[in-house]
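Asks: only geometry, no sequence info:
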């Protein structure tokens, strides 16, 4: 059993700068044997005009032997450059969906990708490993799909000195690199958001790359030690577990605070078993302290929804849109 422990608050901004430097170094090491991210050689394989926007399908090699598939949505009105959102899809056991989550109303009642692009954002989403067009992109190829691919990749990457989460974060960093090169995008106004697994992907991306100006994780702000203390490991799939992270004294309050002083909004239900609520408040208390060291307390917000479990509500999405409008 792993006991809950608290990470000491930094007393000064200088102390936090050194802590944040050491934390990033440790995170990169724990993510496995990965090359440094660089701009991928992406291709636009199709383009079509839709109501109020242009939809492009893109592909790019991830520099590690696999192919990444994505959608790029560009507003059809205005001359740009536009603010942009990297949209990170969820898990939920829905391996078919992946990046197509952009076009599904889900529990928020409207397709999030279309809502974002019609508000004036360029939007990019990619399939994570084992999802969408990558369901059979595992060591067994066509013989396995979805869940089996995810499990096999987890094992396969460990043998290579990597881990599944590190490989997913690596692809997200490549997607960000690509997004920043698009001429339609204002590289100084890029945000990242997602629900559940997508929320964790958003948090880690903002922690590792300071070019993300706004980060909004939804329904996932899990403090690892608190999840372990509850024994709820089964709430998260294999992808979620980074070897050695707790053994190195790291936890989500450090990772989430690496986004400071950039704008960060956290949305979570108080009945969400994937994010034990006492851990959420520990993370928020630490993050608020760090943001205050930058005199940026107004750029961090936590909204806890009473009686809500692991669910992205229409009200939450309205708040996401408002936060993006204010900070991008």
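Replies: Everything's here; your move. Note that the structure is predicted; figures quoted are calculated from it, not measured. Numbering: from 1, shown residues only.
Asks: List the contacts of residue 136.
Replies: Counting by C-beta atoms under 8 Å, 6 or more residues apart in numbering, residue 136 touches 142, 144, 145, 149. C-betas here are computed from N, CA, C, even on glycine.
Asks: next one: residue 238
Replies: Here residue 238 is in contact with 150, 151, 154, 164 (criterion: C-beta under 8 Å, 6+ apart).
Asks: what's the closest of those to residue 7?
Replies: The shortest gap between residue 7 and any of the contacts of residue 238 belongs to residue 164, at 25.3 Å (C-beta to C-beta).
Asks: Going along the chain, name the helices of the stretch 201-328 of the chain.
Replies: Under the criterion DSSP state H, counting those that start in this stretch, the stretch 201-328 of the chain contains helices at 224-230, 252-257, 277-293, 314-327.
Asks: again, but for the stretch 51-200 of the chain
Replies: 112-118, 147-159, 164-181, 197-208.
Asks: Could you check how far the last one is from the centre of its chain?
Replies: When C-alpha coordinates are averaged (C-alpha atoms, centre = their mean, to the nearest Å), helix 197-208 and its chain have centres 3 Å apart.
Asks: Same question for the second one.
Replies: Relative to its chain's centre, helix 147-159 lies at 20 Å (C-alpha atoms, centre = their mean).
Asks: Now do the buried residues in that helix.
Replies: 148, 149, 150, 151, 152, 153, 154, 156, 157 (16 or more other C-beta atoms under 10 Å).
Asks: Can you add mean neighbour count and give the helices of the stretch 201-328 of the chain back as JSON lines?
Replies: JSON lines is the format used below for the helices of the stretch 201-328 of the chain (neighbours: other C-beta atoms under 10 Å):
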{"stretch": "helix 224-230", "mean neighbour count": "19"}
{"stretch": "helix 252-257", "mean neighbour count": "24"}
{"stretch": "helix 277-293", "mean neighbour count": "19"}
{"stretch": "helix 314-327", "mean neighbour count": "17"}
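Asks: sorry, back to before: from the contacts of residue 238, which is closest to residue 237?
Replies: residue 150 (6.6 Å).
Asks: can you pull the contacts of the nearest residue to the closest one once chain neighbours are set aside?
Replies: In space, and not counting its chain neighbours, residue 150 is closest to residue 130: 4.0 Å by C-beta to C-beta, 6 or more residues apart in numbering. Taking C-beta under 8 Å, 6+ apart as the contact definition, residue 130 lies against 95, 137, 138, 146, 147, 149, 150, 153.
Asks: Swap in 6 Å and give it another go.
Replies: Shown in contact with residue 130 (C-beta atoms under 6 Å, 6 or more residues apart in numbering): 95, 149, 150.
Asks: Check residue 18 too.
Replies: So residue 18 contacts nothing (C-beta under 6 Å, 6+ apart).
Asks: buried residues in the host helix or strand of it?
Replies: Under the criterion of DSSP states H and E, residue 18 resides in helix 13-30. Neighbour-count burial for helix 13-30, counted by 16+ other C-beta under 10 Å, picks out 16, 19, 20, 23, 24, 26, 27, 30.
Asks: Need the phi and psi values for the nearest residue to the second one once chain neighbours are set aside.
Replies: Which is residue 19. In space, and not counting its chain neighbours, residue 19 is closest to residue 10: 5.6 Å by C-beta to C-beta, 6+ apart. Here is the backbone geometry of residue 10 (degrees, to the nearest 10): phi -70, psi 140.
Asks: got it, and residue 311?
Replies: According to degrees, to the nearest 10, residue 311 has phi -150, psi 140.
Asks: If I follow the layout properly, it ends up in contact with residue 107?
Replies: Yes. Counting by C-beta atoms under 6 Å, residue 107 is a contact partner of residue 311 at 5.5 Å.
Asks: contacting residues around the helix or strand that the helix holding residue 18 is followed by?
Replies: Note on helix 13-30: by DSSP H and E, the next helix or strand toward the C-terminus is strand 43-50. With contact meaning C-beta under 6 Å, 6+ apart, strand 43-50 is reached by 55, 56, 57, 58, 59.
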